[in-house]
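**Q** A structural model of the following input is requested.
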Amino acid sequence: IGGGLRVVAALGESTGPNLDVVDYNEHAIGHGADAQAAAYVECRTPDGRTVFGVGIDTDIATASVRAVLSAANRA
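**A** Below you'll find the model as predicted:
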């Protein structure tokens, strides 16, 4: 699996609210040296609620971390 997805899987196991990562997507925003990465996660809380998170950064691993933290803040 890609670096971003590995980060998401690891964070999903270690976040405070005990989130399960249900879905993960990523894509580029822009082209060339100025491109950024966008990561999207869908997570499930222990009580069954669904929360989403989005992260944007020039590095896909950092964007993935931001997405999981964004979802955790909504949990």
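**Q** Next, the buried residues of the helix or strand hosting A39.
**A** Element membership of A39, judged by DSSP states H and E, is strand 36-44. For strand 36-44, a neighbour-count test (16 or more other C-beta atoms under 10 Å) marks 37-44 as buried. To be clear about C-beta, it is placed using only N, CA and C from the backbone, and glycine gets the same treatment.
**Q** Format those as TSV; extra columns: pLDDT and distance to T58.
**A** Putting the buried residues of strand 36-44 into TSV (pLDDT from 0 to 100; distance: C-beta to C-beta, whole Å) gives the following:
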residue	pLDDT	distance to T58
A37	96	7
A38	97	11
A39	95	12
Y40	97	17
V41	94	19
E42	95	23
C43	91	24
R44	92	29
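**Q** Among those, which one sits closest to A71?
**A** Nearest to A71 among the buried residues of strand 36-44, counting by C-beta to C-beta, is C43 at 4.5 Å.
**Q** Tell me how many other residues surround the nearest residue to that closest one once chain neighbours are set aside.
**A** By the measure of C-beta to C-beta, 6 or more residues apart in numbering, the closest residue to C43 outside its immediate chain neighbours is L19, 4.0 Å from it. Taking other C-beta atoms under 10 Å as the neighbour definition, L19 ends up with a count of 25.
**Q** Sketch out the low-pLDDT regions of this structure for me.
**A** Counting by pLDDT under 70, the ranges of the chain that qualify are 1-17.
**Q** And the strand holding A39, what does it pack against?
**A** helix 3-14, strand 20-29, strand 50-57, helix 60-74 (3 or more C-beta pairs under 8 Å, 6 or more residues apart in numbering; DSSP states H and E).
**Q** Just the C-alphas of the shortest one, formatted as PDB.
**A** What follows is the C-alpha trace of strand 50-57 in PDB, where atoms were taken according to Å, rounded to 0.1, in the frame of the first residue of the first chain:
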ATOM      1  CA  THR A  50     -19.600   8.400  10.600                       C
ATOM      2  CA  VAL A  51     -17.200  11.300  10.500                       C
ATOM      3  CA  PHE A  52     -15.100  12.700   7.600                       C
ATOM      4  CA  GLY A  53     -11.800  14.500   7.400                       C
ATOM      5  CA  VAL A  54      -9.800  16.300   4.800                       C
ATOM      6  CA  GLY A  55      -6.200  17.200   4.700                       C
ATOM      7  CA  ILE A  56      -4.200  19.200   2.200                       C
ATOM      8  CA  ASP A  57      -0.400  19.500   2.100                       C
END
